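In: Predicted model, plus sequence, below.
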Amino acid sequence: MILAVTMNPSVDISYPIDEFKLNDVNRVENVCKTAGGKGLNVARVVVQMEEEVLATGVLGGMIGEYIIQELTKGSIQNDFLKINQESRNCIAILHEGKQTEILESGPTLSSEEGRAFLQKFESLLAKVSLVTISGSLPKGLPTDFYHQMLEISHAKGIPVILDSSGESLKHALLHPEKPYVIKPNGTELSQLLGIEVGDTISSLKKAVDNYLFNGIEWIVVSMGGEGAFVKHGGNYYRITLPEINVVNPVGSGDATVAGLAVALNCHQTVEVVLKTAMTTGMLNTMEAGTGFINMNKFKRYFNEVKVEKLD
């Protein structure tokens with residue numbers, strides 16, 4: 001079973017409006033509400049791939065109860081730390097071909113709640129064989145919180161896919177207990193290293209060979225529609241994708257993490273791992289919903305993903 005962690009989940013609300021009027025009334029007929037957060041998108045895709053997943057994180061209030069109801073309706077097993085504060089809403093206003101977002105910051109966790117979650121996390125590891133940790137930390141938790149989770153996972157021998165950015169990711173890389181997989185894009189890679197990383201193979205090779213990444217088994221550098229550049233062990237790979245009709249790219253990175261998690265958990269070959277991850281990411285961009293894929297299309301697009309081992 002895969003454990004999918006989302007520390008700051010939300011209810012994602014979409015308001016499609018033909019013309020967004022400032023300082024006036026905007027009426028909305030078709031409202032879409034989903035259980036949101038990067039790790040919940042991961043869990044949703046894993047379930048669609050017919051693999052077992054357990055979603056966890058921190059939830060509170062009526063919004064938290066709604067998230068649990070939505071996950072249960074989607075046959076996603078879940079076990080969250082419950083807090084007294086209210087979880088957050090994230091609103092997207094879709095207007096005139098644009099998207100305006102209003103994102104609540106969410107609850108501020110106490111040090112006691114942080115310790116309580118780490119205890120829950122450790123207990124859940126007894127049920128799983130791989131962990132995904134996705135997204136940002138809620139307020140109140142220290143920037144080394146993901147590293148603390150990595151320490152616990154290492155002690156249990158459980159590999160971790162860490163899909164985060166900024167200080168929480170950097171802190172996780174400054175210690176011996178490294179994630180098994182990270183999935184930065186070019187911008188995040190540049191921020192981590194404090195230099196501008198180009199998109200050439202030589203520039204990417206030099207970047208992923210930085211000492212900061214020593215001990216990480218898989219470094220998957222996302223390049224959007226251009227595919228990905230990957231370092232696995234001492235080998236480098238370039239993955240190219242077929243042309244597709246992009247409907248909604250939001251959540252494609254989470255779908256990629258889900259594909260990585262499922263293939264790695266099933267002990268697939270390097271080529272199958274990379275093709276599976278790229279395919280699930282592509283399939284998400286072809287659907288209107290975030291964190292949704294059409295598995296009927298999986299085989300076709302899987303066969304069109306090209307994996308080239310580089311010298």
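Out: It's in.
In: Which strand or helix spans residue 207?
Out: helix 201-208 (DSSP states H and E).
In: and the next element down the chain from that helix?
Out: strand 218-222.
In: tell me the angle of that following strand relative to helix 201-208?
Out: 130 degrees (axes from the mean of the first three to the mean of the last three Cα atoms, to 10 degrees).
In: and the helix or strand just after strand 218-222, which strands flank it?
Out: Note on strand 218-222: by DSSP H and E, the next helix or strand toward the C-terminus is strand 228-232. In the sheet, strand 228-232 lines up against strand 218-222 (antiparallel), strand 235-240 (antiparallel) (DSSP bridges).
In: Check what contacts the shortest one and list those residues.
Out: With contacts defined as Cβ atoms under 8 Å, 6 or more residues apart in numbering, strand 218-222 is touched by 180-186, 189, 204, 207-208, 213, 228-232, 253, 256, 260, 264, 274, 277. The way it works is simple: take the backbone N, C-alpha and C, and place the C-beta from them, glycine included.
In: ranges for the helices of the stretch 51-200 of the chain?
Out: 61-73, 111-124, 145-156, 166-173, 186-193 (DSSP state H, counting those that start in this stretch).
In: is it possible to export those helices to TSV including mean pLDDT and distance to residue 27?
Out: Formatted as TSV, the helices of the stretch 51-200 of the chain follow (pLDDT from 0 to 100; distance: least, Cβ to Cβ, whole Å):
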stretch	mean pLDDT	distance to residue 27
helix 61-73	96	23
helix 111-124	98	39
helix 145-156	97	42
helix 166-173	91	38
helix 186-193	91	37
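In: of all those, which lies closest to residue 3?
Out: helix 111-124 (5.8 Å; Cβ to Cβ).
In: between that closest one and helix 145-156, how many degrees?
Out: 30 degrees.
In: So which elements touch helix 111-124?
Out: strand 53-60, strand 81-83, helix 145-156 (3 or more Cβ pairs under 8 Å, 6 or more residues apart in numbering; DSSP states H and E).
In: Show me what residue 237 bridges to in the sheet.
Out: Bridge pairing for residue 237 - DSSP bridges - gives residue 230, residue 309.
In: And for it, the neighbour number?
Out: 18 (other Cβ atoms under 10 Å).
In: per-residue pLDDT, it?
Out: What the model reports as pLDDT for residue 237 is 97.
In: and if you look at the one 4 residues further on?
Out: Per-residue confidence (pLDDT) for residue 241: 95.
In: That one reaches residue 225, doesn't it?
Out: Yes. Counting by Cβ atoms under 8 Å, residue 225 is a contact partner of residue 241 at 6.6 Å.
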